[in-house]
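Student: need coordinates for the below:
(chains A, B, C and D)
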There are 2 protein chains.
Amino acid sequence: MPKVGMQPVRHQQLIDATFRVIEDSGLSDVTLSSVATEAGMSAGIVSHYFGNKDGLLEAAMRQILRDLREAVLFHCIHARDQSPRTQLRAIVHGNFAPSQTSPAAMRSWLAFWSASLNNPQFKRLQRANDRRLHSNLAYQFGRELERKNALDAATGLAALIDGLWLRGTLAGEAFDSEQALRLSFDFIDQHLPSSNCALSASSTKRKKS
Amino acid sequence: MPKVGMQPVRHQQLIDATFRVIEDSGLSDVTLSSVATEAGMSAGIVSHYFGNKDGLLEAAMRQILRDLREAVLFHCIHARDQSPRTQLRAIVHGNFAPSQTSPAAMRSWLAFWSASLNNPQFKRLQRANDRRLHSNLAYQFGRELERKNALDAATGLAALIDGLWLRGTLAGEAFDSEQALRLSFDFIDQHLPSSNCALSASSTKRKKS
DNA sequence: AGCTTACATGCCGAAAGTTGGAATGCAGCC
DNA sequence: GGCTGCATTCCAACTTTCGGCATGTAAGCT
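Tutor: Numbers count the residues shown, from 1 in each chain, chains lettered A, B, ... in the order given. Here you go, the predicted structure:
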């Protein structure tokens, strides 16, 4: 059976299998044998390719971070050289791309977040990711706002994105991308001065009484 | 040695020990013996009081939910019969109360969130909590906004709260309550029509250029 | 004195991570 | 063509540890 040049193929298959196990059983059920079984191979194979269990998990986390980076980049390309508002929207769009709102992705994110609290390596990866998002947002806001306000707006929008995502994950139902985008866009409009106050205030319409 | 009436004391000690283990080792390191050791007792004791491991974890989660409920309630009491803005602020304040922003609490929340994805019982508890927050917010917003807008504002504020919290947890540094409160209050002001647009826009001050 | 509560200890079955060996096939060199 | 080395894969141990339970014992209550 053994063929040569299987390394990259097996790597990907095992990482994919890991996400599948996380999706329907949780990180605590990611064992060498559950992953191997899911991938249709035998237990020892994981150690062969990734050294040990941590190696597998780290590879999986890098994959998920890369996917997000690519999703954001993909949306940003189309907004290149546009207004801050458009570029901010693109960043938001990337964060809510289908690849990021699938049940598998959301469960994996939550699992890795949780794990990163006690794993320095995970923490490093995750913080680098956080900072990139924040600094991207801050740069765009900074084109129209004072630095202090831009930083606040970036922190707020980053939190709003993560919060919408988190609540979407925990809600159990399918992720409502439309609502997430709408609320995020509203947030952007309310912080950028170029958008007229009265116009942006679609959600501050007074109650008829 | 055995004294009578230890049950409630031991219950609490074991739950506290559980949080301590979660805080500095993560949920995956919560074992019957690690908890018992942390509490200064012997291994079999957990089964004695909680039946099994799941019983302990469920009791711990109920505790954390109760703590949040009480923190929110405590702040809301002082805002009783006040304006929606004041009451919304009180809810936010409760969510960022010290008991909720301690490293132990934040790590535990994240761990339970993650676990709730694959544990129906945890999911039930957690969703009930989510809905209470959302409906409280929606009620207050609903006093000044049309229903549709109130629901959006509630979803947004809930997400912002959770997101600020999540990012605070993952940041590794001490939680910046002041910033979290400020950003949440800004969000409230920007959605309530009663606050003047120009006044609320402290964070939309245009860049000097 | 007997019953209940409170706790420790020890054992067992299950499962996990890791390692080493063996079997199998591919590629290049003589 | 055959030998050798390397990559690939499975299988079978081995060690550790976890959760659960049964047993034993000490302290109070009535």
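Student: for chain A, where's the lowest mean pLDDT among helices and strands?
Tutor: helix A:197-200 (a mean of 44; mean pLDDT, DSSP states H and E).
Student: quick check: phi and psi on A:Ala39?
Tutor: phi -90, psi 0 (degrees, to the nearest 10).
Student: ok, now which ones touch it?
Tutor: Residues near A:Ala39 by C-beta atoms under 8 Å, 6 or more residues apart in numbering or on different chains: A:10, A:13-14, A:16-17, A:45. (Each C-beta comes from the backbone N, C-alpha and C, glycine too.)
Student: now render the residues you listed as CSV, adding secondary structure.
Tutor: As requested, the contacts of A:Ala39 are exported to CSV (DSSP: H, G, I helix; E, B strand; the rest coil):
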residue, secondary structure
A:Arg10, helix
A:Gln13, helix
A:Leu14, helix
A:Asp16, helix
A:Ala17, helix
A:Ile45, helix
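Student: just give me the neighbour total for A:Gly163.
Tutor: Counted with other C-beta atoms under 10 Å in any protein chain shown, the neighbours of A:Gly163 add up to 25.
Student: and the closest residue in space to it that isn't next to it in sequence, how far is that from A:Ile22?
Tutor: Spatial nearest neighbour of A:Gly163, excluding adjacent residues (C-beta to C-beta, 6 or more residues apart in numbering or on different chains): B:Gly163 at 2.8 Å. The gap separating B:Gly163 from A:Ile22 is 22 Å, by C-beta to C-beta, to the nearest Å.
Student: what helix or strand is the closest residue to chain B within chain A on?
Tutor: Of all residues in chain A, A:Gly163 sits closest to chain B, at 2.8 Å by C-beta to the nearest C-beta. Assessed by DSSP states H and E, A:Gly163 sits inside helix A:147-171.
Student: mind listing what's buried along that helix?
Tutor: Buried residues in helix A:147-171, counting neighbours by 16 or more other C-beta atoms under 10 Å in any protein chain shown, are found at A:149-170.
Student: for the very next helix or strand once past it, output the C-alpha coordinates as PDB.
Tutor: Next along the chain after helix A:147-171, taking DSSP H and E as the criterion, comes helix A:177-191. Provided in PDB are the C-alpha atoms of helix A:177-191 (Å, rounded to 0.1, in the frame of the first residue of the first chain):
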ATOM      1  CA  SER A 177     -24.500  36.700   8.600                       C
ATOM      2  CA  GLU A 178     -26.900  39.300   7.300                       C
ATOM      3  CA  GLN A 179     -27.600  40.600  10.800                       C
ATOM      4  CA  ALA A 180     -24.000  40.500  11.800                       C
ATOM      5  CA  LEU A 181     -23.000  42.500   8.700                       C
ATOM      6  CA  ARG A 182     -25.800  45.000   9.200                       C
ATOM      7  CA  LEU A 183     -24.900  45.700  12.900                       C
ATOM      8  CA  SER A 184     -21.200  45.900  12.100                       C
ATOM      9  CA  PHE A 185     -21.800  48.300   9.200                       C
ATOM     10  CA  ASP A 186     -24.000  50.500  11.500                       C
ATOM     11  CA  PHE A 187     -21.200  50.600  14.000                       C
ATOM     12  CA  ILE A 188     -18.800  51.800  11.300                       C
ATOM     13  CA  ASP A 189     -21.100  54.400  10.000                       C
ATOM     14  CA  GLN A 190     -21.800  55.800  13.500                       C
ATOM     15  CA  HIS A 191     -18.100  56.200  14.100                       C
END
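Student: got the angle for helix A:177-191 vs helix B:147-171?
Tutor: Here helix A:177-191 runs at an angle of 80 degrees relative to helix B:147-171 (axes from the mean of the first three to the mean of the last three C-alpha atoms, to 10 degrees).
Student: elements contacting helix A:177-191?
Tutor: helix A:84-95, helix A:147-171, helix A:197-200, helix B:147-171 (3 or more C-beta pairs under 8 Å, 6 or more residues apart in numbering or on different chains; DSSP states H and E).
Student: quick one, the helix holding A:Gly163 and helix A:84-95 angle?
Tutor: Using the same axes, to 10 degrees: helix A:147-171 against helix A:84-95 is 30 degrees.
Student: now do helix A:147-171, average pLDDT.
Tutor: For helix A:147-171, the mean pLDDT works out to 96.
Student: for the nearest residue to A:Leu32 once chain neighbours are set aside, give me its contacts.
Tutor: Spatially, and ignoring its direct neighbours in sequence, A:Leu32 is nearest to A:Val46 (4.8 Å; C-beta to C-beta, 6+ apart). Shown in contact with A:Val46 (C-beta under 8 Å, 6+ apart): A:14, A:32, A:35-36, A:53, A:56.
Student: now render those residues as JSON lines, adding secondary structure and pLDDT.
Tutor: Shown next, in JSON lines, are those (DSSP: H, G, I helix; E, B strand; the rest coil; pLDDT from 0 to 100):
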{"residue": "A:Leu14", "secondary structure": "helix", "pLDDT": "94"}
{"residue": "A:Leu32", "secondary structure": "helix", "pLDDT": "93"}
{"residue": "A:Val35", "secondary structure": "helix", "pLDDT": "94"}
{"residue": "A:Ala36", "secondary structure": "helix", "pLDDT": "94"}
{"residue": "A:Lys53", "secondary structure": "helix", "pLDDT": "94"}
{"residue": "A:Leu56", "secondary structure": "helix", "pLDDT": "94"}
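Student: just the buried subset of those residues, written out for PyMOL, thanks.
Tutor: The PyMOL selection below is limited to those of these classed as buried (16+ other C-beta under 10 Å):
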select buried, chain A and resi 14+32+35+36+56
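Student: any low-confidence regions in chain A?
Tutor: Within chain A, the set of residues satisfying pLDDT under 70 comprises A:1-4, A:194-209.
Student: contact partners for the residue in it positioned nearest to DNA strand D?
Tutor: Distances between chain A and DNA strand D by C-beta to the nearest atom of the strand are smallest at A:Gly44, namely 2.6 Å. When contacts are counted by C-beta under 8 Å, 6+ apart, A:Gly44 touches A:32, A:36.
Student: and what of A:Ser114?
Tutor: A:27, B:26-27, B:110-111, B:113-114.
Student: nearest residue to A:Phe19 other than its sequence neighbours?
Tutor: A:Ala104 (5.1 Å).
Student: separation between that neighbour and A:Gly168?
Tutor: A:Ala104 is 14 Å from A:Gly168, by C-beta to C-beta.
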